[in-house]
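> kindly return the folded structure for what I paste below:
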Amino acid sequence: QGNVGLPAPINFSVDTWAPTVLGSLDTESPGIAGSGTITITTSASSPSSQRPNTLNNLTTGLTFKATIASGQAAGGRADFYVGSTLVGSETAIANEDTLVTVSVGSDAASLRSIIPSAGGLVSVKLYDAAGNMITTTGPTLVYDVVAPKIANITSTTPNGAYKEGAVINITLTTDEEVTVGSSLAVTLGSKVAGSDVDLYNSANPRTLILTRDSVDAKKFTGTYTVQANDNSADLAIIMATSNTASGAVLPRDAAGNSMSFLLSGRTAENTLAGSKDLVIDTTAPIAIDLDKDTASTQATRSAYFALADVNAGKAIDLLIGLPTESDIATITIKVSGADAVHDQLLLDATTINLDTTAVSTTAITSGAYSGYSYAYDGMSKTVSFTKTDGTVFTAANVQALEQSLIFKTSASTTPGDRTFEINHIDVAKNVGTSATQTVTVDTTAPVLNSVTMTAKRGSSDLPSGSTLKAGDVVTVAAVYSEDVQ
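Model prediction:
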């Protein structure tokens with residue numbers, strides 16, 4: 001019919017102006033609100049672990065903030081991103097607001113489910129009520145939840161056996177750089193049959209503090225001084241912990257992750273026991289028995305060297321017992337009272353003159369003791385026997401050598417006592433309890449100076465020249481130039 005209705009007005013609000021984000025970009029210290037465009041504040045179970053703009057293995061929450069102009073985004077929203085991942089939005093922006101805030105994470109697990117594991121550049125998209133948007137970027141969020149770990153434990157001390165008082169270096173390396181001035185504690189142990197076992201009495205463990213090197217941020221060092229009763233066939237580190245001393249600094253990486261002290265997961269060559277062969281031995285060889293045929297240990301014996309012994313010499317001790325140790329590395333014979341001109345010590349085909357001339361280590365290359373070596377100190381008159389190849393003597397080796405030692409001198413030697421102090425030294429250089437054989441040299445035959453005879457009949461002395469009859473008692477007295485047997 002062509003009827004035209006009444007017109008109705010339609011009102012439009014036109015807004016083509018995007019909001020603006022104010023302030024310059026910066027990064028703030030944890031927990032300190034900043035004036036920059038975007039700031040990140042962390043919360044953690046250990047405040048000392050927090051690092052700027054970093055999510056580490058103790059971080060439980062993150063707060064993102066952006067500074068805006070009052071009224072520019074009223075009724076709009078702010079979307080916060082880490083990389084390309086939207087992590088949260090602020091949707092209640094009032095006219096007077098100059099700050100938009102998003103907090104994420106109630107604990108470590110929920111936080112890590114929101115934040116991308118690669119971390120990334122933090123950005124905000126600010127929308128006004130009309131949907132106009134402006135975006136800007138802020139700091140990069142570092143995502144690092146991996147604790148620094150023990151990579152290697154070794155020592156710069158040479159392989160070998162060490163006794164009480166020895167100082168042994170321990171060097172520990174981490175897989176990443178950690179805090180300057182930090183330290184940790186390790187417990188020494190002994191590797192036995194593939195397992196870590198306590199080296200020392202659990203009531204008195206040997207714990208060592210290792211301190212981070214001043215230059216190498218991955219290296220910790222310390223020294224262990226061997227104490228009495230410490231013994232280990234293969235020195236190992238069986239435990240690592242934090243240093244609980246007052247003021248000690250906990251090792252952390254650049255992200256603030258505290259160090260993991262787990263020892264498992266490393267190959268053998270990255271362990272102390274696997275990379276080194278350090279033996280701790282504070283037990284000295286036991287006393288030497290000079291007479292194996294007696295029930296008790298005989299530490300001293302004596303014998304005579306007579307004129308009849310001059311040509312062949314005389315064994316120092318044929319009855320010396322079999323030692324119980326299996327790690328004797330050195331046998332020493334110290335001679336006192338020797339005649340430097342005439343006295344000698346013989347071992348098979350080897351002759352050692354007991355004079356004042358020192359003899360450096362000499363290998364015995366022939367005879368029954370080929371493969372042995374000896375050295376002679378002319379000042380102390382001490383002979384030291386070792387194996388030429390550096391190995392230890394067997395118990396049978398020790399007994400055979402000591403029973404084969406011959407003392408020899410001439411008829412014109414100085415008479416008197418020669419003492420032979422025998423000692424055993426083990427691989428760790430523990431010195432055992434010595435035994436002393438004394439040989440009295442007397443090559444001069446006694447001289448008969450006089451003979452007297454007296455006789456008695458009953459209680460009466462008979463005069464010289466009397467005829468003796470049955471029942472008379474005759475006494476003959478012979479006087480020699482020295483005591484005789």
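> can you pull out the helices in the stretch 351-485 of the chain?
With DSSP state H, counting those that start in this stretch as the criterion, the stretch 351-485 of the chain has helices at 395-404.
> now the chain
In the chain, the helices defined using DSSP state H lie at 108-114, 272-275, 395-404.
> worst average pLDDT in these?
Mean pLDDT is lowest for helix 272-275 out of the helices of the chain, coming in at a mean of 90.
> and the contacts of it?
With contacts defined as CB atoms under 8 Å, 6 or more residues apart in numbering, helix 272-275 is touched by 152-155, 170, 191, 234-237, 267-269, 278. Using the backbone N, CA and C atoms, a C-beta is placed for each residue, glycine as well.
> same check on stretch 446-454?
461-462, 474-482, 484.
> possible to save the contacts of helix 272-275 as CSV with distance to L208 and pLDDT?
As requested, the contacts of helix 272-275 are exported to CSV (distance: CB to CB, whole Å; pLDDT from 0 to 100):
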residue, distance to L208, pLDDT
N152, 16, 95
I153, 11, 96
T154, 14, 97
S155, 11, 97
I170, 6, 97
K191, 16, 66
D234, 17, 88
L235, 11, 90
A236, 12, 89
I237, 9, 90
T267, 23, 86
A268, 21, 85
E269, 21, 89
L278, 13, 94
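> list only those of these flagged as buried.
152-155, 170, 191, 234-237, 278 (16 or more other CB atoms under 10 Å).
> could I get those residues as CSV with distance to S183?
Shown next, in CSV, are the buried ones among the contacts of helix 272-275 (distance: CB to CB, whole Å):
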residue, distance to S183
N152, 18
I153, 15
T154, 18
S155, 18
I170, 13
K191, 24
D234, 26
L235, 21
A236, 20
I237, 15
L278, 22
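> and those residues, which two are the farthest apart?
N152 and D234 (17.0 Å; CB to CB).
> the strands in the stretch 351-485 of the chain, which residues?
359-363, 372-377, 382-387, 405-408, 416-426, 435-442, 448-457, 460-461, 473-480 (DSSP state E, counting those that start in this stretch).
> same list (the ones you listed) but as JSON lines, adding mean pLDDT.
Shown next, in JSON lines, are the strands of the stretch 351-485 of the chain (pLDDT from 0 to 100):
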{"stretch": "strand 359-363", "mean pLDDT": "93"}
{"stretch": "strand 372-377", "mean pLDDT": "96"}
{"stretch": "strand 382-387", "mean pLDDT": "97"}
{"stretch": "strand 405-408", "mean pLDDT": "96"}
{"stretch": "strand 416-426", "mean pLDDT": "97"}
{"stretch": "strand 435-442", "mean pLDDT": "95"}
{"stretch": "strand 448-457", "mean pLDDT": "86"}
{"stretch": "strand 460-461", "mean pLDDT": "87"}
{"stretch": "strand 473-480", "mean pLDDT": "87"}
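> so which of these gets nearest Q298?
Of these, the one closest to Q298 (CB to CB) turns out to be strand 435-442, at 7.6 Å.
> of the buried ones among the contacts of helix 272-275, closest to A375?
L278 (26.6 Å).
> by mean pLDDT, point me to the weakest helix or strand of the protein.
strand 195-198 (a mean of 55; mean pLDDT, DSSP states H and E).
> please enumerate residues in contact with stretch 379-399?
320-336, 338, 345, 347, 352, 354, 356, 358, 361, 363-364, 371-377, 401, 424, 426-427.
> just the buried residues from these, in ChimeraX please.
Command for ChimeraX that selects the buried part of these, burial taken from 16+ other CB under 10 Å:
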select :320,321,323,325,327,328,329,330,331,332,333,334,335,338,345,347,352,354,364,372,373,374,375,376,401,424,426,427
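> T282 touches N229, doesn't it?
Yes. Between T282 and N229 a contact is recorded at 6.0 Å, counting by CB atoms under 8 Å.
> between these two, tell me which one has more neighbours.
Between T282 and N229, counting by other CB atoms under 10 Å, T282 is the more crowded of the two (18 against 11).
> what's the per-residue pLDDT of the more buried one here?
The model's pLDDT for T282 equals 92.
> that one and I168, how far apart?
Applying CB to CB, to the nearest Å, the value for T282 to I168 is 13 Å.
> mutual contacts of the two, please.
Joint contacts of T282 and I168 (CB under 8 Å, 6+ apart) are V226.
> okay, now the unreliable bits of the stretch 151-300 of the chain?
When residues are selected by pLDDT under 70, those of the stretch 151-300 of the chain lie in 191-205.
> tell me where it has strands.
Under DSSP E, counting those that start in this stretch, the stretch 151-300 of the chain gives strands at 160-162, 167-174, 183-192, 195-198, 207-212, 219-225, 231-232, 235-242, 278-281, 300-306.
> does the shortest one pack against any helices or strands, and if so which?
Packing partners of strand 231-232 (3 or more CB pairs under 8 Å, 6 or more residues apart in numbering; DSSP states H and E): strand 183-192, strand 278-281.
> before we move on, the earlier item: farthest pair in the contacts of stretch 446-454?
The widest separation within the contacts of stretch 446-454 (CB to CB) is 31.4 Å, between L462 and E482.
> more neighbours, these two?
The residue with more neighbours, out of L462 and E482, is L462; 16 against 10, by other CB under 10 Å.
> and the more buried one, how close does it get to K65?
The value you get for L462 to K65, if CB to CB is used, is 138 Å.
> same question for N231.
62 Å.
> which one's more surrounded, the two?
In this view N231 and K65 are compared by other CB under 10 Å, and K65 has more residues nearby, 23 against 14.
> which strand residues bridge that one?
Bridge pairing for K65 (DSSP bridges) gives the partners T39, T101.
> need the contact list for L58.
With CB under 8 Å, 6+ apart as the criterion, the residues that contact L58 are 44-46, 49, 108, 256-258.
> what residues are bridge-paired with S302?
Under the criterion used (DSSP bridges), S302 bridges to T438.
> pLDDT at it, what is it?
94.
> hang on, it packs against V441?
No. Counting by CB under 8 Å, S302 stays clear of V441, with 11.9 Å between them.
> and those two? Which one has more around it.
Neighbour totals were compared for S302 and V441, and V441 leads with 25 against 12 (other CB under 10 Å).
> ok, N430 - contacts?
163, 281-285.
> make it 10 Å
161-164, 281-285, 325, 327, 329, 424 (CB atoms under 10 Å, 6 or more residues apart in numbering).
> just give me the closest of these to T174.
Closest to T174, out of all of these and judged by CB to CB, is Y162, at 26.5 Å.
> bridging residues for that closest one?
Beta-bridge partners, per DSSP bridges, of Y162: I280.
> also the one 10 residues further on?
Legend: beta-bridge partners of L172 under DSSP bridges are I153, F220.
> does it touch R266 like I think?
No. In this structure, L172 is not within contact of R266 by CB atoms under 10 Å, at 11.2 Å.
> overlap in contacts, those two.
What both L172 and R266 touch, as defined by CB under 10 Å, 6+ apart, is the set 150-153.
> okay, those in CSV with distance to V215 next?
Output for those, formatted as CSV (distance: CB to CB, whole Å):
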residue, distance to V215
I150, 20
A151, 17
N152, 17
I153, 19
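> widest-spaced pair of those residues?
A151 and I153 (8.7 Å).
> quick check: neighbours shared by these two?
172-173, 266, 270.
> which one of the residues you listed is nearest to A129?
Scanning the shared contacts of A151 and I153 for proximity to A129, where the rule is CB to CB, the winner is T173, at 58.6 Å.
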